[in-house]
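S.K.: make a model of this:
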Amino acid sequence: MVFSLLADLQQKSVDEYKALLDSIAEGKLKPGTALERQAELAASYDEAWKLLIPAAIASTYAVVELEPTTGLMSRLGLTRVQRDEILHKLTSTFGDDIKSGMKAGQISLIAAAAALYQVLADPQRKLRDSK
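M.R.: As a prediction, the model looks like this:
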């Protein structure tokens, strides 16, 4: 949902820039209207990016499963190889800062990656191939 919303906003941005350039070419530029539309788009982008963090947190429920011996949702539904591959991709894409978890002031994309990393890297979570 978040990414489709961002894709829609990207298309709106393209459409707005096209309309802006066309209005300049036609000599019908209305700077106030153009600025208002850009401000509305910027606010929409900001709101969309803020949805990424709760979406990332919710996605962790797809890999956490019931630990049969305790009855708690404390096991990962991944093998060690799968988990390590995901952790490697997260750090190679977003950097080592995500290893220390979410922090105030982080951009939404980094905070979302940090939330995923925190759940997957938790050493107390057993893996599917753990005994």
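S.K.: ok, the residue most central in space within the chain - contacts?
M.R.: Nearest to the mean C-alpha position of the chain, counting by CA atoms, centre = their mean, stands residue 52 at 3.9 Å. Contacts for residue 52 (CB atoms under 8 Å, 6 or more residues apart in numbering) come out as 2, 108-109, 112. Glycine gets a C-beta too; all of them are placed from N, C-alpha and C.
S.K.: got these as CSV, with distance to residue 68 and pLDDT columns?
M.R.: Shown next, in CSV, are the contacts of residue 52 (distance: CB to CB, whole Å; pLDDT from 0 to 100):
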residue, distance to residue 68, pLDDT
2, 33, 85
108, 36, 92
109, 36, 92
112, 30, 95
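S.K.: who wins for neighbours among those residues?
M.R.: residue 112 (24 neighbours; other CB atoms under 10 Å).
S.K.: from residue 86, how far off is that one?
M.R.: Separation of residue 112 from residue 86 (CB to CB, to the nearest Å): 14 Å.
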